[in-house]
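**Q** Quick one: sequence plus predicted model below, questions after.
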Amino acid sequence: MTSRRRTATAPAALTCGAALLVGLTGTGFAAAAGDSDGGEGDLAHKSAQQISDEALHQLVGAQSMRLRTRTSADPTQLDLTLDRAGNCTGAVSKGSLGRVELVKRGNQIWMKPDAAFWKSQLPGSKGAEAAAKYKDTYLHGTTRDAFLRGLSEACDLKAFQKSAAGPDEEQPPPGAPSPSVTPTLTKGRPTTHEGARVLPVVKKADGAIQTLYVAIEGKHYPLKLTAEADHESATILMSNYGTPVSTTTPAPGRTADISALEELMQGSQSSQSA
């Protein structure tokens, strides 16, 4: 498996999270309205559908945010703060295959792999040698580099928001059969998530359970989304709405050109084919 294929799951994890959100905000659900406040604040007399729609509205309008994702089906985890200009900072982790810290400003990208990354990319002693040589060093390049471009695709907040919003037209095409079972969207009991009071909105359909946790106080941002199906689970955490992405970039003395990685990878492939 090449390094490019390994990192391809990073943007896929974001797309998965957006798809889950689309599932909760689609039209046509049977929504249950709350009967009393019950700690729900001004969400008390709104239906589950209205709450879900408001959360989507807040998400799509965000100028910046922090995203954290994890799933039981894949070791890939994201922890990124990103904005609509395509800037981001954070990390992409692939479990035992390593972790990469990421900084992106415009078309400039810096990545700092850990030792596990180097050892998973290069065979034998070459991985350990590269890990020692480039310890605490950022590899720098631009979006013209295919590897860096693929790694930084997860920094695209606009794309995530567009995926979350879904298609403009949700109605089935003319002549298409109507669904035999309409998923039900309901409100759960208020709870707390990372110190914030949230109201769960739950969707159950075809054996899958999706839960969106919406902030009760202030703007009704979506703060957490979970999904469970076929004994697998996925979670996406959303926070720090409106917090600017740090403008700090690695000092030149702590960087090396991305060509260093490419040369090591090509040398490794050549030795293996020899």
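**A** Yep, that arrived. Quick caveat, the model's predicted, so the values are computed rather than measured.

**Q** ranges for the strands of the stretch 101-250 of the chain?
**A** Counting by DSSP state E, counting those that start in this stretch, the segments of the stretch 101-250 of the chain that form strands are 108-113, 138-142, 184-187, 191-193, 196-205, 208-215, 222-229, 232-239.

**Q** So for V60, which of these sits nearest?
**A** Shortest separation from V60 across these is recorded for strand 222-229, at 10.4 Å, computed as C-beta to C-beta. C-beta coordinates here come from the backbone N, C-alpha and C atoms, glycine included.

**Q** what's the average pLDDT for the closest one?
**A** Strand 222-229 carries an average pLDDT of 95.

**Q** which residues touch N240?
**A** If you count contacts by C-beta atoms under 8 Å, 6 or more residues apart in numbering, N240 has them with S64, M65, R66, T81.

**Q** And the second one, its phi and psi?
**A** So that's M65. The phi and psi torsions at M65 (degrees, to the nearest 10) take the values phi -170, psi 170.

**Q** before we move on, back to that, so for A91, which of the strands of the stretch 101-250 of the chain sits nearest?
**A** For A91, the closest of the strands of the stretch 101-250 of the chain is strand 108-113, at 8.9 Å, according to C-beta to C-beta.

**Q** And that closest one, what's buried?
**A** Using 16 or more other C-beta atoms under 10 Å as the burial criterion, the residues of strand 108-113 that qualify are I109, W110, M111, K112, P113.

**Q** Tell me if I'm right that the last one and K135 touch.
**A** Looking back up the chat, that one is P113. No. Contact criterion C-beta atoms under 8 Å: P113 and K135 do not qualify, at 9.7 Å.

**Q** tell me, how many neighbours does K133 end up with?
**A** Residue neighbour count, defined by other C-beta atoms under 10 Å, stands at 12 for K133.

**Q** Need the pLDDT of it.
**A** The predicted structure scores K133 at 91 on the pLDDT scale.

**Q** ok, it to P252 distance?
**A** Shown here: K133 relative to P252, a distance of 17 Å by C-beta to C-beta, to the nearest Å.

**Q** and the two most separated of the buried residues of strand 108-113?
**A** If you compare every pair in these using C-beta to C-beta, the most distant one turns out to be I109 and P113, at 13.0 Å.

**Q** Tell me who's in contact with Y134.
**A** When contacts are counted by C-beta under 8 Å, 6+ apart, Y134 touches P113, W118, A256, A260.

**Q** for the residues you listed, which one is nearest K203?
**A** Nearest to K203 among those, counting by C-beta to C-beta, is P113 at 38.4 Å.

**Q** What sits closest to that closest one if chain neighbours are left out?
**A** With C-beta to C-beta, 6 or more residues apart in numbering as the measure, V100 is the residue that lies nearest to P113, at 5.1 Å, once sequence neighbours are left out.

**Q** Surely that neighbour touches W118?
**A** No. The pair V100 and W118 does not pass the contact test of C-beta under 8 Å, sitting 10.4 Å apart.

**Q** Of these two, give the one with the bigger neighbour count.
**A** For V100 versus W118, the count of surrounding residues by other C-beta under 10 Å is larger for W118: 22 against 19.

**Q** Now do stretch 83-96, average pLDDT.
**A** Here stretch 83-96 scores 94 as its mean pLDDT.

**Q** And for that stretch, what's in contact with it?
**A** Taking contacts as C-beta under 8 Å, 6+ apart, the residues outside stretch 83-96 that touch it are 6-7, 9-10, 63-66, 75-82, 99-106, 116-117, 120, 151-152, 154-158, 161, 244-246.

**Q** where are the low-confidence patches of the protein?
**A** For the chain, the stretches flagged by pLDDT under 70 are 1-38, 167-183, 266-274.

**Q** can you pull the buried residues of stretch 230-249?
**A** Of the residues in stretch 230-249, those buried by neighbour count under the rule 16+ other C-beta under 10 Å are A234, T235, I236, L237, M238, S239, Y241, V245, T249.

**Q** From those residues, pick the one nearest P200.
**A** Nearest to P200, judged by C-beta to C-beta, of the buried residues of stretch 230-249 is T235 at 13.3 Å.

**Q** Now do the contacts for that closest one.
**A** Under the criterion of C-beta under 8 Å, 6+ apart, the contact partners of T235 comprise T69, R70, T71, K224, L225, T226, A227.

**Q** Right, I'll call it a day here.
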